Every structure is written in structure tokens, then in C-alpha cells.
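Asker: Compute the structure for the input listed below.
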Amino acid sequence: MPTWGQILNEINTKIQQGDQRAFDNVRQRYIKQLSDFTGRNIIVYASKWTSGDAPPNLVSIIDEDLQGFMEAIHGLKGDRLDLLLHTGGGSAEATDAIVSYLRQKFNGIRVIIPQAAMSAGTMLACSADEIVMGKHSFIGPIDPQFILQTSVGIQAVPAHAIIEQFEKAQKEIADNPKMLNSWLPMLSQYGPALLVQCKNQIEFGQQLVESWLNSFMFKGKDGSDAKRIAEYLSNHGNFKTHSKHLNVEFAKDKLRLNVTALESNQDFQERVLSAFHATMLTLNTAAVKIICNHNGNAFVKQMPAVQLQMQRPK
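Answerer: The predicted model follows:
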């Protein structure tokens, strides 16, 4: 199967030949090849979060994504799904809605992580029966983030960081009341209820992951593994940073999730990576998020200057 560079050359060749939908056509062909190989439905959810040049509100998991999954599920047959997942995370509530929808449509769900599924993406992966990761794949802590309008623009701020900032401000102001003037500009950008929301969101995310693990990956077990994993992933003190990357060995040996190595089947690995590379090349255009299936149905989110596109196979 071709590399990232070879797929790019293929797309460029098709563009030179007059194919105006080269990115979409090449992406769909490799996703279809993956589905043909596995005999399972394929849905790809990927966003342009790793490039750092897209606003967090455009690449995060949000309620609008449910429309994308509705489009991607339309016309699929069978109750087995492979979800190719690449996301930096987003709303726990939106993730909860997506999991609820997927689980009503499919009995067996495998989440394939070709690069990274962080934060709410890790939560979504924990709702699967099985996770597939390569040596280049990562999950992360599930402590929630808030998308906030700050003095330096829209920022994704971890809930634990907000709590720690409040606690540090309280201590410094108590020790030296003159520090209030220094802290006031920073604290004023947060609403009065945000601290309570942060604590509630941390608890909510932990409860979701524990519930999903008990219901699916560890169904029939005593619940101790589900509780341990959910508590560990939601404890900011275990990682010190919301963006900590946890590799396949950590996921298998430390967390003891049901993880299969992508490299265990070379043909499968090559098809997964080809589908992923073709998808990420689409995200080098104006697209910032793609939710699509192996039949060609696609929900494509683009930068605000360009209209949202929904595509159906010809």
C-alpha cells in the first residue's frame, strides 16, 4: 500500500488530469479498500487538530457531529463497525450522545486509532469493545477542557488547570492581599460558576468512562477494572498535563484495556494507514473535520469562509 507521499502524488496527478474531486475520490477509495479487507462497516472521524492552525471550536467534538454520524451511518448494513478515530477531544456531553447513537445502531464496535484520540476521544475509544493501536498511536487523560473566549482568543482550557489557578490565586491573595490586582485580569475572564462546572465535568467524564467500560469492553466483569481505569485517566495528578500522550504499551500493560496491536496484521495496518493518510491529506485543504463512511457519504466541516459540504457517492 502507498505511503503518505505516494498518495499525495496520486492526488496531484488526478488534479492535473482534471479530477476536481481528487481528494474525495482518493480518500473514499482507500477507505473502501479497508472495508473490503475487514468485511466491516467503516466510519472515519478525523479533525485537523494536530496542525495547530484551526480554532479549537471547529475541530472539537461537538453536538453538530451527531449530524455527521447520521450522514455516515445512512445506508450502512450489518451490526459491526470500525471507527477510525483521530481527534483532540471536545465535549463530554456530545461524546455521550454519539456513543448512545452508535450503540443503538451497532452491536460490535472497534475503535482504530491511527495517530491519536485524546481527551474526549479517549473517552469515545473506551466505549468500544476493542481498541486498535499502533506503535505511533496514543490516547490521553480524560480530564475535560472548556472552550473559552479569552483575551488572547478562543482557547481550550483544561478543567484541572482552571481549578489549580483558582486555588493558587486564593492562596497568594490570602498571603498578600496586594496580589489581588495582579490576579484580577486573569480571573475576570472566567464566569462565577465555572469552578463548579469544572468539578462537575471531571466527575461526569469519569462516570461515563466507567459506565461504558462496564457495559462493553469489560461486560460481565466485576467492575473493578472499569473503575480503576476511569479514576486513573481522570486524575490530573497522574499526568500533570492534559496533553500527555499514552502509547499502546501503556494502554495494554498499565491500564489493561482491551487493545490489539495494529502491527499484528501487516495487510490490515497498511490499509488503515492508507485510509488515514488520504483523510489527513483532505484536511490539508479548507476542510477541518471529516465524518465519512466507506460508501462515500461524507460530512465535511470547512473553515468559516467556505460552506459546509455533505457528499453522497455518485
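
Asker: could you pull out the strands for the protein?
Answerer: Assigned by DSSP state E, the strands in the chain fall at 41-47, 80-86, 108-113, 116-117, 130-133, 138-139, 145-150, 153-158, 259-261, 287-293, 298-302, 309-311.

Asker: looking at those, which is closest to residue 200?
Answerer: With distances scored as Cβ to Cβ, the stretch of the strands of the chain nearest to residue 200 is strand 145-150 (11.6 Å). Where you see a C-beta, it was placed from the backbone N, CA and C, and this is true even at glycine.

Asker: Spatially, and excluding backbone neighbours, which residue is closest to residue 226.
Answerer: residue 213 (3.6 Å; Cβ to Cβ, 6 or more residues apart in numbering).

Asker: Could you pull up the residues touching the one you found?
Answerer: 126, 225, 226, 229, 230 (Cβ atoms under 8 Å, 6 or more residues apart in numbering).

Asker: try 10 Å this time
Answerer: Residue 213 is in contact with 126-128, 219, 221, 223, 225-230, 257-258, counting by Cβ atoms under 10 Å, 6 or more residues apart in numbering.

Asker: do the same with residue 247
Answerer: By Cβ under 10 Å, 6+ apart, the neighbours of residue 247 are 133, 134, 135, 136, 137, 138, 139, 254.

Asker: Quick check: PyMOL command selecting the buried ones in the contacts of residue 213.
Answerer: Only the buried entries of these go into this PyMOL selection, using 16 or more other Cβ atoms under 10 Å:
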select buried, resi 126+127+128+225+226+227+229+230+257+258
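
Asker: Of the contacts of residue 213, which is the nearest to residue 21?
Answerer: Distances from residue 21 to those, taken by Cβ to Cβ, are shortest for residue 128, at 31.4 Å.

Asker: want to throw the strands of the chain into a markdown table with distance to residue 6?
Answerer: Output for the strands of the chain, formatted as a markdown table (distance: least, Cβ to Cβ, whole Å):
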| stretch | distance to residue 6 |
| --- | --- |
| strand 41-47 | 19 |
| strand 80-86 | 19 |
| strand 108-113 | 21 |
| strand 116-117 | 23 |
| strand 130-133 | 23 |
| strand 138-139 | 25 |
| strand 145-150 | 36 |
| strand 153-158 | 34 |
| strand 259-261 | 24 |
| strand 287-293 | 21 |
| strand 298-302 | 23 |
| strand 309-311 | 24 |
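
Asker: Including mean neighbour count, could these go into JSON lines?
Answerer: Listed next are the strands of the chain as JSON lines, based on neighbours: other Cβ atoms under 10 Å:
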{"stretch": "strand 41-47", "mean neighbour count": "26"}
{"stretch": "strand 80-86", "mean neighbour count": "23"}
{"stretch": "strand 108-113", "mean neighbour count": "24"}
{"stretch": "strand 116-117", "mean neighbour count": "26"}
{"stretch": "strand 130-133", "mean neighbour count": "24"}
{"stretch": "strand 138-139", "mean neighbour count": "26"}
{"stretch": "strand 145-150", "mean neighbour count": "16"}
{"stretch": "strand 153-158", "mean neighbour count": "16"}
{"stretch": "strand 259-261", "mean neighbour count": "18"}
{"stretch": "strand 287-293", "mean neighbour count": "25"}
{"stretch": "strand 298-302", "mean neighbour count": "22"}
{"stretch": "strand 309-311", "mean neighbour count": "14"}
